[in-house]
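A.B. asks: Next come a sequence and a model predicted from it.
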Amino acid sequence: AAIAGLGSQQEALGSNPAATGVIRGLEQEIDALSKTAEQRRLDQELKKAGVALASQEGQSIANNVRQLFERKAAIEAEEEARRKAELAANRAAARGIREQDTARQRVQDLSTALDDELAILRTSDPVMREMIRLRHILAAATDEERAILEKKIELNVLEAEAYSDFQENAAIVRGAVSDIVSGLRNGENAFEVLADTALRAL
């Protein structure tokens, strides 16, 4: 029954020339897609020449088509190798430039750091020393921002100096009190102990 149905379908297609043409065209397209570019070119050349592959002329055409594609493949391989070599050379050159720039930047950074260190040692102004130390940060500041930061640095330096003075004075006072207490414990005259302590504090 299935064979009979298939036969009836073929008969129906055969009676419809438009459908038959579409089917044949699709079959030819499928056949062309399943072939390599070399096979498709060979088919075209054989069709243009009007000869069969088995003929002497057909064999000669096939040989020429094969050589053509071999040469194309060799040229493409050479071009690809050249592109890869050029890309590798460009990358190596770029890497070398980056490494050279990095080394040059390190030398420049070291030179700048040493210059800053020398400038700090040469100035006695604590505010200026701090400004030099922070120069790489202040480089991005505007004039207004720089002035504000300089004022803040000056205040910090003054507070640090005041704290240092306080600590020094506190140490003197602690030492004096310790001397007085020690002298009194040893039975020394209180007036003499106070006088000696005052003289040492001067």
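C.D. replies: Thanks, I have the structure now.

A.B. asks: which one's the longest helix in this structure?
C.D. replies: helix 56-122 (DSSP state H).

A.B. asks: What helices and strands are in contact with the helix or strand just after that one?
C.D. replies: Note on helix 56-122: by DSSP states H and E, the next helix or strand toward the C-terminus is helix 126-133. When contacts are defined as 3 or more Cβ pairs under 8 Å, 6 or more residues apart in numbering; DSSP states H and E, helix 126-133 packs onto helix 56-122, helix 143-185. Placement of C-beta: from N, CA and C, glycine included.

A.B. asks: Give me the local confidence score for the most centrally placed residue in the chain.
C.D. replies: Compute the mean C-alpha point of the chain, and by Cα atoms, centre = their mean the closest residue is Arg98, 11.6 Å away. For Arg98, the pLDDT comes out at 84.

A.B. asks: Distance of it relative to Arg106?
C.D. replies: Distance of Arg98 to Arg106, computed by Cβ to Cβ, to the nearest Å: 13 Å.

A.B. asks: I would like the residues contacting stretch 28-41, please.
C.D. replies: By Cβ atoms under 8 Å, 6 or more residues apart in numbering, the residues outside stretch 28-41 that reach it are 43, 65-66, 68-69.

A.B. asks: wait, which of those is closest to Val157?
C.D. replies: Ranked by distance to Val157 (Cβ to Cβ), these are led by Phe69 at 83.0 Å.

A.B. asks: residues near the residue nearest to the closest one when sequence neighbours are not counted, how many?
C.D. replies: In this structure, Phe69 finds its nearest non-sequential neighbour in Glu38, 4.5 Å apart by Cβ to Cβ, 6 or more residues apart in numbering. Glu38 has 16 neighbouring residues, counting by other Cβ atoms under 10 Å.

A.B. asks: Tell me which of the helices and strands packed on helix 126-133 lies nearest to Gly25.
C.D. replies: Taking Cβ to Cβ, helix 56-122 is the member of the helices and strands packed on helix 126-133 nearest to Gly25, at 24.6 Å.

A.B. asks: Centre of the chain to the closest one, how far?
C.D. replies: 18 Å (Cα atoms, centre = their mean, to the nearest Å).

A.B. asks: rewinding a little: please list only the buried members of the contacts of stretch 28-41.
C.D. replies: 65, 69 (16 or more other Cβ atoms under 10 Å).

A.B. asks: Point out where the chain drops to low pLDDT.
C.D. replies: Scanning the chain with the threshold set as pLDDT under 70 gives 1-15, 32, 120-121, 165-166, 169-202.
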